[in-house]
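> predicted model and sequence below, questions to follow.
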Amino acid sequence: MRSRDTRERPDVAVVVAARAGDRQASEQLVRDCLPLVYNIVGRALDGHGDVDDVVQETMMRVLDGLPGLERPERFRSWLVAITVRQIRDRWRTGRTWLTAEPLEDAAEAEPQPDFADLAILRLALSGQRREAVEATRWLEDEEREMLALWWMESAGELTRGELSAACGLTPQHAAVRVQRVKERLETARTVVRAVTASPRCPDLAALLASWDGRPSGLWRKRLARHVRDCPQCLRSASDLIPAEGLLAGLALVPVPIGLAGLVLARTLGAGSAGAGVGAGTRTAGGASRTARTIGRLAAKPAAAAAATAVTLAAAGVAWYAATGSHEPAPRPALAAPLSPGTSTPPTSPRTSASPTPTLTATSTPEPKAAPVTTAEPRVSGPHALRSVDHPGDYASQSDRLGILGPVGATSSEATRQAATFTFVPGLADPHCYSLRDATGRYLRHYAFRLRLDTDDASALFRKDATFCPRSGSTAGSVSLESYNYPGRYLRHRDNLQLWLDPAQNTAAYRASRSFVLVAPWT
């Protein structure tokens, strides 16, 4: 395991200076501590909307309590103990920290992706590391606190002594708790393997018939009983590496830039004025929400202190941008309007230098040709997607799963309806597209398998259900790239299942992800 001594951490001299009131040392302390606190809170709360609030409150309490810290050499375990208490307070109250958030702010707040999704996206995880992160979704809420601490220990950010001291446990009791959560994570990893296997075990598929698609501790237990006794499912998990081997030296999930700036503003710039601001001021809503928060700081009577807070917030953003804690870069205009009958897409302020393709509705001899209209610049309404390398097959669905299936004029109404999708502006980005079936469900990816699910109004669902058109392998064809996993495309595999797979520089792969937009079958 990589020792945390190889990572940046607060020096005892910095802690002593900050305790004595040195402003520069206090700022350095916040910078050093923030990534660890953010990762513990984020994983323990599973990306809940209160993560930013708990992080801010934790850092406020750390600096407020620093003068009373008698042993600076134990600062790290003291810091983690405060973090754990704030997490437990959050679960105990069962509500957000902010009790007086303006209604307009609350209305603008977006549902937050879970922390597993953030980790996968921001660290570009793949393979077994990605599977280990996905497996955390199957744990119970009460298991997440210990999971978060053990994760930091495995990554080299905490020692076992710091972990046990932070939880108020003896080393022996801490070892028992850690072993329990490790076993449950390993069980969850075998479940992830079994659920995402292709082809999936028939008995497991029958068991999953009533599953709503949301990982949970209850379903982990149900599915684990099957996996333990199923040779096929056990074979799919036979090459799993122990989780601690995967996590050794793993980078921390970067702190959002807006949160870093706001924490610096609240903890260092505002003084008593900053302490008076609601602890639950959210940064997840983006820069505008942070700006409104800083604006409220500036409106405080202590004008000089508040002005300093504004300066520090800006400095915090600049510092975080310079130290590698980056959010994903703003996406360019991911798709031009799907324009029947046009060859050059209109541009927008977000359009990248390379042109994006136009998705053309093409007439076929079987369904009626989609009418060409100049009044509507974007394709909308029902259409079918015909495979380029399997011309008689269309993107369709079977038991909620995406497939490539044959459709013809003599096919049943149900078969033709299953191969018809309504194109609407992308749920995550109106420059892209979402595909809806006749029952109102959306085509989305889950564990990279394409399926039809009802919109649960979460930010993650909207991203999963958004696809952006790219040039296909032949003239007039299109490929659909995932919005939240750039470089992965909707394609069929040899078994004619639809998956989200990474790009490959082969003619066969390009053909398997290429479709022709044709008129609907129904």
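Received the coordinates, thanks.
> chain center to the longest helix seen in the chain, what's the gap?
Longest helix of the chain, by residue count under DSSP state H: helix 171-196. Averaging C-alpha positions (Cα atoms, centre = their mean, to the nearest Å) puts helix 171-196 22 Å from its chain's average.
> what's that helix packed up against?
With contacts defined as 3 or more Cβ pairs under 8 Å, 6 or more residues apart in numbering; DSSP states H and E, helix 171-196 has these neighbours: helix 127-135, helix 141-154, helix 160-167, helix 217-228, helix 231-236, helix 243-247. C-beta here means a position set from N, CA and C on the backbone, and glycine is covered the same way.
> would you single out the least confident of those helices?
The minimum mean pLDDT among those belongs to helix 243-247 (a mean of 85).
> sorry, back to before: could you point out which element follows the longest helix of the chain?
helix 202-207 (DSSP states H and E).
> CA-only coordinates of that next one in CSV, if you can.
Output of helix 202-207 as CSV, limited to C-alpha atoms (Å, rounded to 0.1, in the frame of the first residue of the first chain):
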residue,chain,number,x,y,z
PRO,A,202,-30.6,-17.2,-17.4
ASP,A,203,-31.5,-17.9,-13.8
LEU,A,204,-30.1,-14.5,-12.7
ALA,A,205,-32.0,-12.8,-15.5
ALA,A,206,-35.3,-14.3,-14.2
LEU,A,207,-34.4,-13.1,-10.7
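> got the buried residues for it?
Neighbour counts over helix 202-207 (16 or more other Cβ atoms under 10 Å) mark 204, 207 as buried.
> okay, the helices and strands packed on helix 171-196 in JSON lines with distance to residue 185 and mean neighbour count next?
Listed next are those as JSON lines, based on distance: least, Cβ to Cβ, whole Å; neighbours: other Cβ atoms under 10 Å:
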{"stretch": "helix 127-135", "distance to residue 185": "6", "mean neighbour count": "20"}
{"stretch": "helix 141-154", "distance to residue 185": "7", "mean neighbour count": "21"}
{"stretch": "helix 160-167", "distance to residue 185": "16", "mean neighbour count": "19"}
{"stretch": "helix 217-228", "distance to residue 185": "10", "mean neighbour count": "17"}
{"stretch": "helix 231-236", "distance to residue 185": "17", "mean neighbour count": "16"}
{"stretch": "helix 243-247", "distance to residue 185": "6", "mean neighbour count": "18"}
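> which stretch among those comes nearest residue 460?
Of all the helices and strands packed on helix 171-196, it is helix 127-135 that lies closest to residue 460, at 12.3 Å by Cβ to Cβ.
> got the angle between the closest one and helix 141-154?
Counting by axes from the mean of the first three to the mean of the last three Cα atoms, to 10 degrees, helix 127-135 lies at 150 degrees to helix 141-154.
> hmm, who's touching helix 127-135?
For helix 127-135, contacts defined as Cβ atoms under 8 Å, 6 or more residues apart in numbering pick out 116, 119-120, 125, 185, 188-189, 191-193, 215, 240-241, 243, 246-247, 250, 447.
> among those residues, name the buried ones.
Buried residues within these, counting neighbours by 16+ other Cβ under 10 Å: 116, 119-120, 125, 185, 188-189, 191-193, 215, 240, 243, 246-247, 250.
> which of the helices and strands packed on helix 171-196 sits closest to residue 197?
When the helices and strands packed on helix 171-196 are compared by Cβ to Cβ, helix 231-236 sits nearest residue 197, at 4.6 Å.
> export the closest one as CSV, just CAs?
In CSV, the C-alpha atoms belonging to helix 231-236 read as follows (Å, rounded to 0.1, in the frame of the first residue of the first chain):
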residue,chain,number,x,y,z
PRO,A,231,-21.1,-21.8,-11.3
GLN,A,232,-21.7,-19.5,-14.3
CYS,A,233,-21.8,-16.3,-12.2
LEU,A,234,-18.8,-17.4,-10.1
ARG,A,235,-16.8,-18.0,-13.3
SER,A,236,-17.5,-14.4,-14.5
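> off-centre distance for stretch 381-400?
The answer for stretch 381-400 is 28 Å, by Cα atoms, centre = their mean.
> now stretch 432-452
17 Å.
> the strands in this protein, which residues?
Secondary structure of the chain (DSSP state E): strands located at 381-387, 393-398, 401-406, 421-425, 433-436, 442-446, 449-453, 467-471, 478-482, 488-492, 498-502, 515-518.
> nearest to residue 234, of those?
strand 449-453 (20.6 Å).
> and the nearest residue to residue 491 once chain neighbours are set aside, what does it touch?
Nearest non-adjacent residue to residue 491, counting by Cβ to Cβ, 6 or more residues apart in numbering: residue 513, 3.6 Å away. Residue 513 sits next to 472-473, 479-480, 489-491, 501 when contact means Cβ under 8 Å, 6+ apart.
> ok, the nearest residue in space to residue 224 that is not next to it in sequence to residue 197 distance?
Once flanking residues are discounted, residue 224 sits nearest to residue 187: 5.0 Å by Cβ to Cβ, 6+ apart. Distance check for residue 187 against residue 197: by Cβ to Cβ, to the nearest Å, it reads 16 Å.
> the two: who's more crowded?
Higher neighbour count among residue 187 and residue 197: residue 187, with 20 against 16, using other Cβ atoms under 10 Å.
> return the distance of that one relative to residue 200.
Going from residue 187 to residue 200 by Cβ to Cβ gives 18 Å.
> can you check residue 206 too?
Distance of residue 206 to residue 200, given as Cβ to Cβ: 10 Å.
> and what of residue 134?
16 Å.
> now residue 407
With distances taken as Cβ to Cβ, residue 407 is found 24 Å from residue 200.
> next one: residue 511
Taking Cβ to Cβ as the measure, residue 511 falls 25 Å from residue 200.
> where does the stretch 351-500 of the chain have low pLDDT?
Of all residues in the stretch 351-500 of the chain, those with pLDDT under 70 make up the ranges 351-378.
> rerun that using 80 as the cut-off
Where the stretch 351-500 of the chain drops to pLDDT under 80, the residues are 351-380, 447, 494-495.
> the stretch 1-150 of the chain now?
Short version for the stretch 1-150 of the chain, where the test is pLDDT under 80: 1-11, 47-49, 91-114, 117-118, 121-122, 124, 141-142.
> helices of that one, start to end?
Per DSSP state H, counting those that start in this stretch, the stretch 1-150 of the chain carries helices over the ranges 12-19, 23-44, 51-65, 75-93, 103-108, 115-123, 127-135, 141-154.
> adding distance to residue 219, write these out as CSV.
Conversion of these to CSV gives the following (distance: least, Cβ to Cβ, whole Å):
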stretch, distance to residue 219
helix 12-19, 44
helix 23-44, 20
helix 51-65, 24
helix 75-93, 21
helix 103-108, 31
helix 115-123, 16
helix 127-135, 12
helix 141-154, 14
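> so for residue 389, which of those sits nearest?
Judging those by Cβ to Cβ, what sits closest to residue 389 is helix 127-135, at 27.7 Å.
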